[in-house]
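S.K.: coords below, sequence missing:
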C-alpha cells in the first residue's frame, strides 16, 4: 500500500526550522500512518544559508522567495518559521494558494492580524495548526487526560511561569539572526508573545478561557545596540511580564514570564489546584508530572512524581518510543504534533491548536499588554 | 554570676502560646545569656484551660483578666498571643504599664491600629518585637547574609507564595477556638493578614520596601456556619490573595497566598532573582537554602541545595545545636527569636522586627486590600 | 493528681548528653503522662565541665564518680552517655543497683559484652532501653506502620547507607573529647559501630533478622596523632564498611557506611523494595517518607513524597506538635523515645529497643567485622 | 564536496535495532561530517518482520541470512543487534569479511568469547565499537571531563546501581521475542550482563579498573514458562546481583542491580566520592549532573544540580542541539555514539569503547559471577 506523500515547504531555517525538520524526518518511524512526509523545499532569502540547510536536512530543493514556494504545485503544506511579523502575510497567501499551513507561534503580532489569518484559512478550508508544541509533551498530555477524566473537581488556582535569564547582559544586541526576539518590530512583543504565549495556550487548553486580566510589564534594559542599524536604540519589548486574572470557571490566574530570572534557562512551569487533585509540570524535567491526589488515604498522601515514560497506553505517545524509564526529549513534542496533524487529516477531525484556537491566545496577549499600558484591569474579548 | 530574670506573662494558650513557651524553655540551654527566662504567669479568660496550660508548661501562676496581669509587678515582658483584634488594646496598655512586649503577628488589624501601638511603645520606651519568626529560620537568615554581602547584584524579581489547603471543606465553621482565623471580626482579614504578612515581612527585610501594588482577592466559600452564633453567616475574609507590585529598588513583586491549594500544607516559598545570584527557600524543607551563583564556572553552574545544618558560624544559629546534617525544626525559629530579643536587651541594640518595622507590613497589607477592593493600583504609604 | 517523679542521673555531657537532656525537658509539655521527669543529677569526671553543664540544663546536682551516682537513692533511671568502652561496666552496676537504664548506642563494644549486660538487666528486672533514636523519627515510624499493615508484600531488597565526610582531613587527631569516635580503644570500631549500628537496628526492626553477611572494611587514613598520648599512632577503626547479606525473609541486604563521602553530612538512607510497595527514607530530609505504591493506577503511578507533619493520628507523634506542614527536628526523636519509655513503664509493655533487642545488632556487628577480617561470608549467630 | 557513504547493514530489529537506526538517521543533521550514513540493508530470519522494519526505517534492502549480508560488497559497517549468544559468531565473521563492526553490549557471553572477538577485529584491523551508549549522555560525558580535569582528588568511593522492576510478575515467560533477556541460553546471564555491564563500563571509563570483587546473586523466581518450548523450565539467569570490590586506585566499589526493585523503571545511578568533589548521575533525570564541590565557600557549599543543556562547548554534544534548558532524550546518546564513531574514522583516533575496552567489562562480569558461585572474593584477571 503506497503512502500518500505530504510534501512540506519550509520557510525559515532557524531554531524552529531545525526542530520541525527533525519531526518531519522522525514521524514516519515512530508514528507510521498512511502519509509519508516529504521534505520538498526549503525557503529563505539568503541562498547560501538555505542551500546549506536544505543539504543538511535533506530538503529536495530550495527557494529564495516564499511567493515562488507558494506557487509550486508540488507543495502540500507550508511551514511558517519566520519571525512573527511575517506570519500574517505568508499564511494568508498560503491559504489563498490552497496550501495546508503549520505556523510557528505566536500566530500573529496581535489579534487583529490573527483574525485575518483565521478568516483566510477558514475561507480556503485548508488544514491549519499552530506550533504550540508543549501540549504534546507526554506529561502535559497526561495532565489533560486527568483533567478530562474529572479528577480535579472544582478548580481554584492556575499558576504558570516561564523564566529565562539569557538577556541579562546589557551588551546583547537587538535584532538580526538569532536575536530578532529582542526587536519589537520583528517580534511584536517580548516575553509575553514569546513565552507567555505558550503558558496561555496550555492554560486555555487545560482550564478554559480567561475573562479578565491585570498585568504589569517591565523593560529592565532600556536601550540596546540594534544589529541591523548598528545604532543604540530604545528597546521596545517587554523583558518581564506578570499578570493575574480570572478564568471563566472561577479559578484565579497568576502568570509570569521574564528573561531576567538568573539560574533559569527555560523554566516553564504550571500548577493547577483543584478540589480533589493538584497537578504540577516543569519543562526542566519535562518527562515528569507531579500530582497530589486527595483521594489517597490520609496517611500516605503526598506529591507524587510520575515518570511519564511507560511504553503503554497509560502514558500518551510513549508506547511508540522505548521502554519504561527512558526519557525522550523536548524535540519529540514536535514529532507528536506532526503525527497528530496527519491523524487529523486521516480522520477528518482536525487536531488543535488550529488558527482559531490560537486566536484566543492572541486576544489574551492583547488584553495583558493593554492592561499593562493602561495600568488597569481589562476584559478579554470573546474569541 | 546570678542571671537576671526575664519574667514572662503569656496571654493566650493556643498554637502560638505553645510555640513561644517552648522557646522560652529552650533558650537558656541553647543560647545561654545573662538573662534567665521565667515563666511567671499565663493568662486567659477560661480558667480551667489556662490552669491546665500553665500546669503543662510550667507557668508559676495564672490570671483570667489580662488587665490584672499587666498590673503585676513581677512581670517583665508580656507576650500577646490573642486573636488579632485584641493586640492593640493589650499592647498599648502593656506599654503604658511599662512592660516589654512580644506581640504575635500581624501587629494589628490595620495600619491605623499599628501606628497607635508604635506610638505607645516608643513613648513608653519599652522593648518590643513582633513574632515574624521566619526571619530566624537559619536558612532564611543565611539568605539575609548573602544579600548583605552584596552577592546578588541588582535585583530583578522577588516572588513569594504561602499556600495551604485546610479550608477547602465548605462545612468548616468560622470563629471560635482554633478557627478564629476564618472570622473576619477576630482576624481582620484572611490569608493576607495571616500568611502574606509573613511573606511581606521577609520581603521588606530582604529586599526593602514596596512602592506600589495591585491586588486581587477571592472568597471561594461565601458562607460558613459561625461557631459562636451557630448561624450561617457571610464569610468576610479573603480565601486567596494575589498581588503584583514594584519594590523601591526597581524589582518586581509577585505574591500569592491561598488556603485552597490542594496538596500544600504550609508552603511558604520565596525566590529572589539577582543579576549575579538567585536564592530560593521553602518552608516545607526549611533546613535547605537553594542558590544559583552565576560566578561559578559555566560548565558547573546549577542550582545548589545548601543543607543549612553545619554547627559552625557559617550557618546562622546552628553552632548552638547539633552536628552537621541534623536538621532542627520549625520550633527553633522561636527559640532564636527569644535569644535575639535577649541579646538586644543586653547589647542595647534592639533586634527586629520591632513594632515600627511591623508597621510597614501593615501599610502594605492595607494597600493590597484597598487595591483589591478598588480593582486598581495603589501606592504604599510611607511608614 | 500529683505526678510520679522519674529522677534522671545523667552520665556524660557531650552531644548525646545534650540531646537526651533536651528530650527530658520537652517530654512533659508535648507528651504529658503520669510521670514527671526530674533532672536530678549529672555526672562526669571533670567537675568544672559537669557543673557548667548541670547549670545550663537545670540538673539539680552533680557527681564526679558514677559509682556514687549509682549509690544515690534519689535516682530512678541512669542515662549512660559515655564512650562505648564504659557502657558495660556502668550498665551492669546500675542494674545491680536496681536502676532503670537508658544506654547510648551501640549497646556495647561487642556481643559478648552485650550479652553480659542483657543478663544483668534481665536478672535485675529493671526497665532498659537503648538510644537507637531513628526508630522514632515520625517518617520512620510511619514506615514501620506501613510494613505492619502488610502493604509491601514479599520483600526483595533492603538497602541502607550512612554517609559522612568529616574525617577526610588527615590531620584530624584521634581520641579525646569530641574525637573519641576515632579511637578504637574508646569506640570499639569505626563507622560500623557508630553509624551502621543505626542502620542495622532499623533494618532488624523493619525487616527482621539477618542470616549471613559478607563485609569489607577500609581505613583510608592509616595513622593519626592521638590526642591523649600526643603521638602519631596507627588508626584502629574502620573508616568505611560495606556489607551484603541475606535476611531471614529472603531479601537481600546492601549496607554501606563511610566518613569519606564528600558532600554528605549525615546521610542515613534506607530503601525497602517489596512486591507491592517500596519505601525510602533519608535523614537529610527526615520529615519526608517516600513510597511507591504499585496498587495505584498505572497512569498515575510514581514515587510519592509524604510530608509527615500532619497533626493527626495518621502521622506518628505529630498530633502532639504543631500544625500540618511544620517540620520538627532531629531532636524530637529523643523526646519521642522518652515518651515511649514512660508509656512502657505505665502500661507494663516495655518499648524497644531493649538491651536484648540491641544485642541482635551487636551480633550482626561482630559478624560483619569478622567477615571483613576473614574475607569470607559469615553466619550471624542467633541472638 | 560529496560525502563518503557509510553503508550500514543492520542485523536485528528489536529495541536496539530501532534505537540505532534512529541514530543513523539523525547523525547527519546534528553532527554533520564528511560521511553520510546510508541505511543499506536490514537483516533478520523472519522475512515479514524485517521487511516491515526496513520499510518503516528506510533500509534500502533486506536479508534473511546474516552470512549473505556479510558477503555483500555494498556494506561498510555491520551493526550486531542480535541476542548475546550470536554476537561472537557474527562479529568474527564480519571481521573476517573486512567489515567495520558496531556490536550491541555486552560484547559477548563471557570473556573467552570476547577475547576471540577482540583478536578477530584486531587481526582484521576493522573499526569496532560496542554500544555502551551511556558514556555519551552529555551529563555523563561532563562527569568524565570533570574527572580528567583532576577536580575530584583522591577517589574513595564508587557506587552504582541499575534498578528495574519489570520481572516481578512470576507469570512472565522466559525466552522469545522481547523476552530473550530472561533466557540464559540467549542472554548468558541476567541483570549482570544486561544492566551491570553498563555500570561497569562507565565505572572503568571514569575510575579505572577493578582489582577484586565479591558478589552475591539471587534468582527470586525459580521457574518460568519458556516461550519457545512451552514448558515450565528452571530460570538460569540472575534476577539480582550485588557486588563490592576494590578499584586499582584504592577506592571501594558498591554495585547492585535487580529487576525486583518496585518503583524503579531503569534507575541507573552512579556516585563518585572524591577528596575534593563528589559526582552523582541518574538515568531517570539523565539531563542533570549533580556535584558537590568542597572548594566552594563553607557557607554556600551544597549539592548542585547542573541542567546539562547549554548549547555551548561547556556541555558536551549540546552545542549541536537546541537552546539552553531544553532536554534531549535517551535516544540522543546513540546519535552521539555514531557521531563519535565517524569522527574516529575521520581522525584516525578510534573512539571507545572498542571491543578491547569492552573485554575488560567481560572479565569483571566473569569475576563477579564466579565469585557469586564460589561465595568468595575473586581477583579480576588483567585484560
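M.R.: That came through, no problem. Values in this document were obtained by computation on a predicted structure and should not be read as measured data.

S.K.: and residue A:318, what does it touch?
M.R.: A:138, A:308-312, A:328 (C-beta atoms under 8 Å, 6 or more residues apart in numbering or on different chains). Yep, even glycine has a C-beta here, placed from its N, CA and C like the rest.

S.K.: Need the buried ones from the residues you listed selected in ChimeraX.
M.R.: Paste this into ChimeraX to select the buried members of the contacts of residue A:318, with burial taken from 16 or more other C-beta atoms under 10 Å in any protein chain shown:
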select /A:138,308,309,310,311,328
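
S.K.: For chain C, tell me which of the contacts of residue A:318 show up nearby.
M.R.: Among the contacts of residue A:318, proximity to chain C is found for A:310, A:312 (C-beta under 8 Å from any C-beta of the partner chain).

S.K.: So which of the contacts of residue A:318 belong to strands?
M.R.: Per DSSP state E, strands hold no members of the contacts of residue A:318.

S.K.: Among the contacts of residue A:318, which lie within helices?
M.R.: Among the contacts of residue A:318, the members found in helices (DSSP state H) are residue A:138.

S.K.: can you pull the contacts of the spatially most central residue of chain A?
M.R.: For chain A, the residue sitting closest to the mean C-alpha position, by C-alpha atoms, centre = their mean, is residue A:132 at 2.3 Å. Shown in contact with residue A:132 (C-beta under 8 Å, 6+ apart): A:105, A:197-198, A:201-202, A:353, A:358, A:361.

S.K.: show me the contacts for the residue lying closest to residue A:251 once chain neighbours are set aside.
M.R.: Leaving aside its sequence neighbours, residue A:251 sits nearest to residue A:155 (C-beta to C-beta, 6 or more residues apart in numbering or on different chains; 4.2 Å). Under the criterion of C-beta under 8 Å, 6+ apart, the neighbours of residue A:155 are A:207, A:247, A:249-251, A:272-275.

S.K.: Now the two most distant members of the residues you listed.
M.R.: Of all pairs drawn from the contacts of residue A:155, the greatest distance, 14.8 Å, lies between A:247 and A:275 (C-beta to C-beta).

S.K.: quick revisit: neighbour-wise, which one of the contacts of residue A:132 leads?
M.R.: In terms of neighbours by other C-beta atoms under 10 Å in any protein chain shown, the contacts of residue A:132 top out with residue A:361 at 31 neighbours.

S.K.: hang on, the earlier thing: out of the contacts of residue A:155, which sit inside helices?
M.R.: If you go by DSSP H, the contacts of residue A:155 have residue A:207 in helices.

S.K.: Can I get the contacts of residue A:155 in JSON lines including pLDDT and neighbour count?
M.R.: Shown next, in JSON lines, are the contacts of residue A:155 (pLDDT from 0 to 100; neighbours: other C-beta atoms under 10 Å in any protein chain shown):
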{"residue": "A:207", "pLDDT": "98", "neighbour count": "22"}
{"residue": "A:247", "pLDDT": "98", "neighbour count": "20"}
{"residue": "A:249", "pLDDT": "98", "neighbour count": "13"}
{"residue": "A:250", "pLDDT": "98", "neighbour count": "12"}
{"residue": "A:251", "pLDDT": "98", "neighbour count": "24"}
{"residue": "A:272", "pLDDT": "98", "neighbour count": "26"}
{"residue": "A:273", "pLDDT": "98", "neighbour count": "28"}
{"residue": "A:274", "pLDDT": "98", "neighbour count": "27"}
{"residue": "A:275", "pLDDT": "98", "neighbour count": "18"}
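
S.K.: Looking at the contacts of residue A:155, which is nearest chain B?
M.R.: Nearest to chain B among the contacts of residue A:155, counting by C-beta to the nearest C-beta, is residue A:273 at 4.5 Å.

S.K.: which residues does that closest one contact?
M.R.: Residues near residue A:273 by C-beta under 8 Å, 6+ apart: A:155-158, B:163, B:165, B:258, B:260-263.

S.K.: The residue of chain A most remote from its centre: what's its closest spatial neighbour, skipping adjacent residues?
M.R.: What lies farthest from the middle of chain A is residue A:299; by C-alpha atoms, centre = their mean that is 39.9 Å. In space, and not counting its chain neighbours, residue A:299 is closest to residue C:314: 4.2 Å by C-beta to C-beta, 6+ apart.

S.K.: That neighbour: how many residues sit nearby?
M.R.: Residue C:314, neighbours per other C-beta under 10 Å, totals 17.

S.K.: do the same with the one 10 residues further on
M.R.: With neighbours defined by other C-beta under 10 Å, the count for residue C:324 comes to 17.
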